[in-house]
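Asker: Can you look at this prediction? I've put the sequence above it.
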Amino acid sequence: MITLFMVFISTLILVLLLTQLLIKAGGRLNLTGVDIHKPNKPSIPKTGGSALVIGVVTGLIIYLLVEGFSTELVALIYSSLIAALIGLVEDIRGEINPKVKPLLLVIAGIPILALSVYTPRPVLPFIGATRLTKIYPFLILVSYPVVCNAVNSIDVLNGSISFTSIAFFTAILVVSAIHGLEYPLIVSAIMLAALAGFAIYNKYPSRVFAGNSGSLFIGSVMVSTAIIGRVEVVAIVALLPHIMNEMHVIFSMRGLRSAKQYNSRPITIENGLISANPDEKAPITLVRILSAKIKTREDSLVKSMFVLSLYSMMLAILTNILFMR
Amino acid sequence: MSLLRNTLIVLILLTIAWAGFLSITFILAYTLFPAIEYTDGSLTLGLLRVAVGIIVITLWIYGWYTLTKIWLRKMLSE
């Protein structure tokens, strides 16, 4: 426990320092994204994801050095680095074809399969442990693109990725503490430290974005933690706002398409105030639902998204306590 | 109309989705799973279980999407 506390503090300090450095580096290297919701449309460095990646991986390596080797954590590091690398390519070279990207993200699941750090008996509410020996490896591979894209899709407003992910990892932390699950406890504690440090710079008005490297990294860590810790159902329930956002986008856009190629935008922006696009053909997103028939500030929408994530966090913990055998 | 009201409506939609998820697993736990979970070696029953799982999850998500779409259209057309 002392090791975990020390790693928590070092990860937090490291991410705080690295984010400051990477904000400057992002500006110099022109690795920036336009903050489209602000009236003056400023360019913001999108290098924050690298601070998260370096901070979390360093934290995990320190833990491994002190507490001893763990195949589970090594597999998690490899899979999250693969996802982060795919995101980094997008950040540098531009958007990858939305039909190719899911196929690339499948690769992130390979370390989990190759190092055999999964149990093909997921525990479901009321049912208990089920046998999914043949299909489970396939589900692992599919879950990486699904969750990584879901996290990527929620990263649309200043701070939305930080606060919704904090709620997710808090759910995992609480459930792991209740049941004494070692790996999900370690990973969620380190992720919470990193996200807390990052949120200071990512919250409204953002000084840095997570970029695709950050969002795909976070998504990959979420999946790996759920699989290794056997907390799949807790993860699904804690991710309900993400699932809602992603699935509604896919259904309303009739398939995997880039939002940039779509004629009708989900929201309209006037003097920094966000409002849902009344066009029936516009994609259905969480932000569009929240801003239906109103004009609201970006930070107010982020607070609402955080409330939704906290509610899902509570439902996830309740599901685990009340309905899991 | 306010952001608070919209947030509350999404909270209700999330609750419905959560309750739907639990109801589905509850029904499966007492109907399909006892029938096929402990039947060893049958490929057909294994595939049936996977097919039922996929269909149920797709219907769950599609039902959730339809509910949201109806509410959003009603709201935006007011």
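Answerer: Ah, there it is.
Asker: From here on, just use CA atoms for contacts and neighbour counts.
Answerer: OK.
Asker: distance of A:L286 from B:T66?
Answerer: 14 Å (C-alpha to C-alpha, to the nearest Å).
Asker: which of the two has more neighbours?
Answerer: A:L286 (22 against 14; other C-alpha atoms under 10 Å in any protein chain shown).
Asker: The longest helix belonging to chain B - contacts with which helices or strands?
Answerer: Determined from DSSP state H, the single longest helix within chain B is helix B:43-77. On a contact count with 3 or more C-alpha pairs under 8 Å, 6 or more residues apart in numbering or on different chains; DSSP states H and E, helix B:43-77 meets helix A:240-252, helix B:3-30, helix B:32-36.
Asker: Distance to A:N158 and mean pLDDT for these - can I get that in TSV?
Answerer: Below are the helices and strands packed on helix B:43-77 laid out as TSV (distance: least, C-alpha to C-alpha, whole Å; pLDDT from 0 to 100):
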stretch	distance to A:N158	mean pLDDT
helix A:240-252	16	90
helix B:3-30	17	90
helix B:32-36	44	65
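Asker: now the angle from the longest helix of chain B to helix A:240-252?
Answerer: Taking axes from the mean of the first three to the mean of the last three C-alpha atoms, to 10 degrees, one finds helix B:43-77 and helix A:240-252 inclined to each other by 80 degrees.
Asker: Contacts only, for A:M313.
Answerer: Contact analysis of A:M313 by C-alpha atoms under 8 Å, 6 or more residues apart in numbering or on different chains lists A:A167, A:F168, A:T170, A:A171, A:V237, A:A238.
Asker: and the residues you listed as JSON lines, adding distance to A:A210?
Answerer: Shown next, in JSON lines, are the contacts of A:M313 (distance: C-alpha to C-alpha, whole Å):
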{"residue": "A:A167", "distance to A:A210": "17"}
{"residue": "A:F168", "distance to A:A210": "17"}
{"residue": "A:T170", "distance to A:A210": "20"}
{"residue": "A:A171", "distance to A:A210": "22"}
{"residue": "A:V237", "distance to A:A210": "24"}
{"residue": "A:A238", "distance to A:A210": "21"}
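Asker: Name the stretch among the helices and strands packed on helix B:43-77 that sits most buried.
Answerer: helix A:240-252 (a mean of 21; mean count of other C-alpha atoms under 10 Å in any protein chain shown).
Asker: Tell me which strands whichever helix or strand comes after that one pairs with, and in which orientation.
Answerer: Per DSSP states H and E, the first helix or strand lying C-terminal to helix A:240-252 is strand A:267-270. Strand pairing for strand A:267-270, determined by DSSP bridges: strand A:273-276 (antiparallel).
Asker: Only C-alpha atoms, please: export the partner strand in PDB.
Answerer: Extracted in PDB, the C-alpha atoms of strand A:273-276 (Å, rounded to 0.1, in the frame of the first residue of the first chain):
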ATOM      1  CA  LEU A 273     -22.800  29.300 -26.800                       C
ATOM      2  CA  ILE A 274     -23.600  25.700 -27.900                       C
ATOM      3  CA  SER A 275     -27.000  24.600 -29.100                       C
ATOM      4  CA  ALA A 276     -28.300  21.400 -30.700                       C
END
